[in-house]
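> One predicted model, sequence on top.
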Amino acid sequence: MKRKRKSKGTGVLIVLFALIIILLAAYLKWRTGSDKVYTNADFGIPTYTSAVDMDGDGADDQTDFLQNVRNYLATEPVYESKYYSGGYPDDEYGVCTDVVAFGMLDAGYNLRDLVDEDITAHPERYDIEVQDKNIDFRRVSVLKPYFDSNAVVLTNDTSEIEKWQGGDIVIFEEGHIGVVSDLRNRRGVPLLLHHGSPNQKAYEEDKLEGRTDIVGHYRIS
């Protein structure tokens with residue numbers, strides 16, 4: 001009888017374990033849109049590290065920026081476009097450009113000031129009637145020419161998976177911007193860290209594969 005109880009108990013544990021695995025897999029797919037996530041190592045892709053550490057915190061810019069993007073998204077910002085006298089949102093709200101701006105800020109780059117300085121020095125690059133440093137750096141239409149001239153410009157073809165690294169910046173033609181994740185789908189295409197709408201179900205999603213609307217792919221250093 002004891003053996004039967006033990007066998008029955010073991011069977012229950014196996015069923016429970018299997019159920020947990022199924023639920024975790026379902027949760028992962030719901031959160032990212034992918035059944036399983038992978039890393040550079042799974043595809044033999046070396047992880048890029050920058051030779052620059054702008055804020056001198058011991059983390060290279062690429063690593064620092066990516067981690068700070070994750071830190072910002074961990075605050076679960078609510079999607080809403082608002083104007084702030086200090087430029088950077090100081091409440092629970094934000095839009096797609098704030099993902100990039102806060103990631104750069106905590107890596108030692110004040111995007112508000114950098115964009116404003118570039119607009120002043122090279123107004124021909126921008127289609128701006130009235131310059132406003134508190135909002136210009138939060139417009140994708142402004143960030144594209146800024147990064148075109150001030151960042152490392154990379155391929156827009158996501159099938160060249162080895163050329164995409166966590167911490168890269170990507171811009172879409174519909175006026176959306178996001179950051180490349182260090183996690184990849186089963187074909188090696190990276191996931192996307194972004195904040196696109198109030199209806200978005202997760203901040204990290206499998207949204208890059210097969211895209212034909214990418215108009216910019218950049219690395220800050």
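Thanks, I have the structure now.
> element containing H217?
strand 214-219 (DSSP states H and E).
> Tell me the strands beside that strand, with direction?
strand 152-153 (antiparallel), strand 169-172 (antiparallel) (DSSP bridges).
> For E92, find the nearest of those.
strand 169-172 (23.7 Å; CB to CB). C-beta coordinates here come from the backbone N, C-alpha and C atoms, glycine included.
> Please find the angle between the direction vectors of the helix or strand immediately after the closest one in the chain and strand 214-219.
Sequence-wise, the next helix or strand downstream of strand 169-172 (DSSP H and E) is strand 176-184. When axes from the mean of the first three to the mean of the last three CA atoms, to 10 degrees is applied, the directions of strand 176-184 and strand 214-219 differ by 60 degrees.
> just the CA coordinates of strand 176-184, formatted as PDB?
Extracted C-alpha coordinates of strand 176-184, given in PDB (Å, rounded to 0.1, in the frame of the first residue of the first chain):
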ATOM      1  CA  HIS A 176       7.900  54.400 -34.100                       C
ATOM      2  CA  ILE A 177      11.300  53.800 -32.300                       C
ATOM      3  CA  GLY A 178      12.500  50.900 -30.200                       C
ATOM      4  CA  VAL A 179      15.500  49.200 -28.900                       C
ATOM      5  CA  VAL A 180      16.900  45.800 -29.900                       C
ATOM      6  CA  SER A 181      16.700  43.100 -27.200                       C
ATOM      7  CA  ASP A 182      19.600  40.800 -26.300                       C
ATOM      8  CA  LEU A 183      17.100  37.900 -26.600                       C
ATOM      9  CA  ARG A 184      16.300  36.300 -29.900                       C
END
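> model confidence over the next helix or strand after it, on average?
Sequence-wise, the next helix or strand downstream of strand 176-184 (DSSP H and E) is strand 190-193. The average pLDDT for strand 190-193 rounds to 98.
> where does this structure dip in pLDDT?
Applying pLDDT under 70 to the chain picks out residues 1-35.
> quick one, which of the strands paired with strand 214-219 is packed in tightest?
With neighbours defined as mean count of other CB atoms under 10 Å, the strands paired with strand 214-219 peak in mean count at strand 169-172, which reaches a mean of 24.
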